[in-house]
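Colleague: Predicted structure and sequence below. I'll ask about it afterward.
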Amino acid sequence: MAICDDEKIQDVLNEFARESFRKTADQDYIAARMSYKAGLVEPFLWSALHSIEKYLKAILLFNTIPATKYGHDIEKLLCRVKGIKNIDLGIPKNVENFIKYLNQYGENRYFEGCSLLEEYALDNLDETVWYIRRCCCYDFFPHLPKISLEQQVRNPKRCDMSGFLEEVIKKELPAYPHLTWNNWFYGKEGQGDDRETIRKTQRKWSESYSCLDFWGQDYFDVLQKYVTFSKSTYHYFSQK
């Protein structure tokens, strides 16, 4: 029997948004933090990209907006979410810049291009998740108080999601130390007193270049018969 009632459709969307987008985004977020701590740059960027992508898609579904045709393009997703009238993300410029950075370097799973890890990438991810995720529920209250970020983190005016992150923190599940390690936003109680110290502890920076950057057209002509590359790689060699 087809589901045609608007309320029932929203129930279906809400369930999928919670379980298939928000919950797996929470897991991707923790996986990204684990990869960062282990010094695995590409897995960190890939998992971070997926977490933000799924959070944004969840917001769309909670607002009965299709999340198709976006792929991994989190800049386009963010633009669409910002266009929702009853939501005010209130994200600062550095969060928007981090989303642009992830959009550029996150989808590099086969190391086809330059890999760049920003100095404070983990803290930037933590902040981005905190801002985006608080809108990942159906009954969202858009008018956040005009108070400092520190006050918001300690007393966030958001709906009680009872999501996977909350479960990890409340029950101290196996993922707990990986979520709370040097995390000013979702960290242990009292950790929010000195964010700059946490940022310095997290601080890393690296840059590396893929062998693709040094390949000629002949190499690519051989490999493309055996491997499916990203659109940007095909575009790059088509312009040479």
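Modeller: Nice, thanks for sending it over. This one's a predicted model, so the numbers in the text were calculated from it and none came from an experiment. Residues are numbered from 1 along each chain as shown.
Colleague: Could you double-check that T201 lies in contact with W184?
Modeller: No - with contacts defined as C-beta atoms under 8 Å, T201 does not count as touching W184, sitting 10.6 Å away. Glycine gets a C-beta too; all of them are placed from N, C-alpha and C.
Colleague: what's the single longest helix in this protein?
Modeller: In the chain, assigned by DSSP state H, the helix with the most residues is helix 41-62.
Colleague: Check the offset of that one from the chain's centre.
Modeller: On the basis of C-alpha atoms, centre = their mean, to the nearest Å, helix 41-62 sits 4 Å off its chain's mean C-alpha point.
Colleague: counting contacts, what elements does whatever helix or strand comes next after that helix pack onto?
Modeller: Per DSSP states H and E, helix 41-62 leads on to helix 74-82 as the next helix or strand towards the C-terminus. Contacts defined by 3 or more C-beta pairs under 8 Å, 6 or more residues apart in numbering; DSSP states H and E place helix 74-82 against helix 41-62, helix 93-105.
Colleague: picking that back up, what's the angle between the longest helix of the chain and helix 93-105?
Modeller: Interaxial angle of helix 41-62 relative to helix 93-105 (axes from the mean of the first three to the mean of the last three C-alpha atoms, to 10 degrees): 110 degrees.
Colleague: So which residues of the chain form helices?
Modeller: Residue ranges of the helices in the chain, as given by DSSP H, are 6-16, 23-38, 41-62, 74-82, 93-105, 121-133, 149-154, 164-171, 176-180, 195-202, 217-223, 231-238.
Colleague: Comparing the ones you listed by mean pLDDT, which bottoms out?
Modeller: Sorting the helices of the chain by mean pLDDT places helix 149-154 lowest, at a mean of 54.
Colleague: domains of the protein?
Modeller: Listed by automatic domain parsing, the domain ranges of the chain are 6-209, 213-240.
Colleague: center of this protein - which residue?
Modeller: I52 (2.2 Å; C-alpha atoms, centre = their mean).
Colleague: Hmm, W130 and that one touching each other?
Modeller: No - taking contacts as C-beta under 8 Å, I52 lies outside contact range of W130: 11.6 Å.
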